[in-house]
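[1] next one to model:
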Amino acid sequence: MSVSVDSLIDADEPATKGERTRRRLLELAIERFGTKGFRATSVSEIARAAELTQAAAYAYFDNKEALFRAAVDADASGLIEHVTDQVRDLPVNQLIPSVIVHAVLALEEHPLAKRILSGAEPDEIPRLIDLPALSQLAGMLSEALADGQTRGEVRADLDPAVLGPGLESLIMGLLFSAVLSAGDAQPRHVLGVVEAFDLMIRPPA
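    Have a look, this model is predicted:
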């Protein structure tokens, strides 16, 4: 599986050799940690795959834990940013099902994020939940709800600033469920959330 973290470097600026090396180390770390886990993966094997010495790898990351956490941040943020980009312009009533579908489909391209969601690295779950990219997703949901209110598609008495983060938490819960059920969220759960969301935001007739 090939993992890319191109989004970590500004596409408009040419990457320096050091940035390219760091990006390559992260790509390999995502792949190896995602496949084998933290304990079974060594910095030396990641360095060898990148055609570096172990000492050279430590010039970019202080220790194995620092490399692992940087890889978790990069892979999970990449997943969330991909989903956010895919659904950004959709009508508000399509957001929840679309976010869930795109996230589940993209998990195979984000092996380390999937591993964390599966509970295989339990110490990292709080880190996943606190990612800035998740706050950005919540912000996008809040903006979509506010826009829906201006168009009369969302109840005026709802507070988008409160509901957006709540929906983000619901989505994360469904993602955990999807991974734990072998990659497929239970249809009745997804449909139930979608129906509840529609009833929640729908303006009175």
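
[2] hey, let's count contacts and neighbours off CA atoms from now on
    Will do.

[3] now the single longest helix found in the chain, how far from the chain's geometric center?
    Ranked by number of residues, the top helix in the chain under DSSP state H is helix 64-87. Put simply, helix 64-87 sits 6 Å off its chain's centre (C-alpha atoms, centre = their mean, to the nearest Å).

[4] could you pull out the helices for the protein?
    For the chain, the helices defined by DSSP H occupy 17-36, 43-49, 54-57, 64-87, 95-106, 111-117, 125-129, 132-150, 160-180, 187-201.

[5] could you pull out the buried residues of the fourth one?
    Which is helix 64-87. 64, 67-69, 71-84, 87 (16 or more other C-alpha atoms under 10 Å).

[6] for the lowest-mean-pLDDT helix or strand in the chain, which helices and strands make contact with it?
    In the chain, no helix or strand scores lower on mean pLDDT, DSSP states H and E than helix 187-201, which sits at a mean of 74. On a contact count with 3 or more C-alpha pairs under 8 Å, 6 or more residues apart in numbering; DSSP states H and E, helix 187-201 meets helix 95-106.

[7] any idea how far the helix it packs on is from the chain center?
    Distance of helix 95-106 from its chain centroid, counting by C-alpha atoms, centre = their mean, is 11 Å.

[8] list the contacts of it.
    79-80, 83-84, 86-87, 141, 171, 174-175, 178, 183-184, 190, 194, 197 (C-alpha atoms under 8 Å, 6 or more residues apart in numbering).

[9] tell me the angle the longest helix of the chain makes with helix 132-150.
    Comparing the axes of helix 64-87 and helix 132-150 via axes from the mean of the first three to the mean of the last three C-alpha atoms, to 10 degrees yields an angle of 20 degrees.

[10] list the buried residues in the least confident helix or strand of the chain.
    Neighbour-count burial for helix 187-201 flags Val190, Val193, Val194, Phe197, Asp198, Ile201 (criterion: 16+ other C-alpha under 10 Å).

[11] again with stretch 148-165
    Across stretch 148-165, burial judged by 16+ other C-alpha under 10 Å covers Gly148, Gln149, Glu153, Val154, Arg155, Ala156, Pro160, Leu163, Gly164, Pro165.

[12] and those residues as a markdown table, adding pLDDT and distance to Ile116?
    Shown next, in a markdown table, are those (pLDDT from 0 to 100; distance: C-alpha to C-alpha, whole Å):
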| residue | pLDDT | distance to Ile116 |
| --- | --- | --- |
| Gly148 | 92 | 34 |
| Gln149 | 94 | 36 |
| Glu153 | 91 | 36 |
| Val154 | 93 | 34 |
| Arg155 | 94 | 36 |
| Ala156 | 94 | 38 |
| Pro160 | 96 | 29 |
| Leu163 | 93 | 26 |
| Gly164 | 93 | 23 |
| Pro165 | 93 | 21 |
